[in-house]
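Student: Coordinates for the following, if possible.
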Amino acid sequence: MWEDPIVAEVHRTREMLAAKFNFDIDAIFADMQKRQAALGDRLVSPKRRAEPTAEADRGRHSGSPESAPSEPAPAA
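Tutor: Down below sits the predicted model:
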């Protein structure tokens with residue numbers, strides 16, 4: 001079976017990191033937070049998305065011509 005070298009590298013790195021902290025998820029997480037804090041402003045914060053309106057949930061955009069109720073199709 002073909003093995004993706006990038007996926008294999010990620011798996012090896014994960015295994016090495018887990019072994020370094022004796023497979024203790026709390027210790028792994030604490031180390032991650034420490035390294036993240038050391039980077040400070042070098043990390044990019046994800047942009048917050050606006051909550052969709054009820055109209056957007058229905059597939060309509062507020063204020064656009066498409067937001068008007070649609071006409072019923074003529075009877076055939």
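Student: Please make it C-alpha for all contacts and neighbour counts, starting now.
Tutor: OK.
Student: Distance of the most centrally placed residue in the chain relative to K20?
Tutor: In the chain, the centroid-proximal residue (CA atoms, centre = their mean) is P46; its distance is 9.1 Å. From P46 over to K20 the distance is 30 Å, taken as CA to CA, to the nearest Å.
Student: can you check T53 too?
Tutor: Distance of T53 to K20, given as CA to CA: 47 Å.
Student: swap in E51?
Tutor: Applying CA to CA to E51 and K20 gives a distance of 41 Å.
Student: Looking at those two, which is more packed in?
Tutor: Just comparing E51 and K20: by other CA atoms under 10 Å the higher neighbour count belongs to K20, 12 against 7.
Student: Where in the chain is the helix or strand with the lowest mean pLDDT?
Tutor: Ranking every helix and strand in the chain by mean pLDDT, DSSP states H and E puts helix 54-57 at the bottom, with a mean of 66.
Student: and A54, how many residues sit next to it?
Tutor: Using other CA under 10 Å, A54 has 11 other residues around it.
Student: so how far is R48 from it?
Tutor: Relative to R48, A54 is positioned 18 Å away (CA to CA).
Student: cool, and V10?
Tutor: From V10 to R48 the distance is 28 Å (CA to CA).
Student: The two: who's more crowded?
Tutor: More neighbours surround V10 than the other of V10 and R48, with 11 against 6 (other CA under 10 Å).
Student: tell me what the helix or strand where the more buried one lies is packed against?
Tutor: In the assignment (DSSP states H and E), V10 maps to helix 5-20. Contact here means 3 or more CA pairs under 8 Å, 6 or more residues apart in numbering; DSSP states H and E; on that basis helix 5-20 packs against helix 25-39.
Student: Alright, calling it a day.
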